[in-house]
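> how would this look folded up:
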Amino acid sequence: MAKKQLTYKEKVEEIEQIIAFVESNPVDIDLLQDKIQRAVQLISECKKEIAQTEERIQKMLDDSEE
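Residues are numbered from 1 along each chain as shown. Below you'll find the predicted structure:
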C-alpha cells in the first residue's frame, strides 16, 4: 500500500512536533539523528512546494497580462 502524501500543512505540523520533541526531551543521539533527518527531508519538500507554487502564480500573473 502506498504511503499517504502529506499536505504542506501536515509537513509543517510534523516539523513543529519534531522541534518541540527535541527541545523538551533528553534524546539519545540515534533518535536525534533520525528526527533531524526527517525534519530536513520535510523542510526540503516544503521548499520545493513553495517554489512550485510561486512559479504557478507567476505564470498566472504573466498570462493575465497578455
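
> CA atoms for contacts and neighbours, from now on please.
Will do.

> OK, contacts around Val12?
When contacts are counted by Cα atoms under 8 Å, 6 or more residues apart in numbering, Val12 touches 42-43, 46.

> Please apply the same query to Ile50.
Counted by Cα under 8 Å, 6+ apart, Ile50 has zero contacts.

> so which helix or strand takes in it?
helix 29-65 (DSSP states H and E).

> Just say helix, strand or coil for Val27.
When states are read from DSSP: H, G, I helix; E, B strand; the rest coil, the local structure at Val27 comes out as coil.

> what do you get for Lys4?
Going by three-state DSSP: Lys4 is coil.

> quick one: low-confidence parts of this structure?
Scanning the chain for pLDDT under 70 picks out the ranges 1-2.

> so how many other residues sit close to the closest residue to Cys46 other than its chain neighbours?
Closest residue to Cys46 apart from its sequence neighbours, by Cα to Cα, 6 or more residues apart in numbering: Tyr8 at 6.3 Å. Using other Cα atoms under 10 Å, Tyr8 has 16 other residues around it.

> Quick check: the gap between Ser44 and Ile15.
11 Å (Cα to Cα, to the nearest Å).

> Neighbours of Glu14, how many?
Glu14 has 16 nearby residues by other Cα under 10 Å.

> With just CA atoms, put stretch 17-26 into CSV.
In CSV, the C-alpha atoms belonging to stretch 17-26 read as follows (Å, rounded to 0.1, in the frame of the first residue of the first chain):
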residue,chain,number,x,y,z
GLN,A,17,6.3,18.4,16.5
ILE,A,18,9.9,17.3,15.9
ILE,A,19,11.2,20.7,17.2
ALA,A,20,9.0,20.5,20.3
PHE,A,21,10.1,16.9,21.0
VAL,A,22,13.8,17.7,20.6
GLU,A,23,13.5,20.8,22.8
SER,A,24,11.6,19.1,25.6
ASN,A,25,13.1,15.7,25.8
PRO,A,26,16.5,14.3,26.6
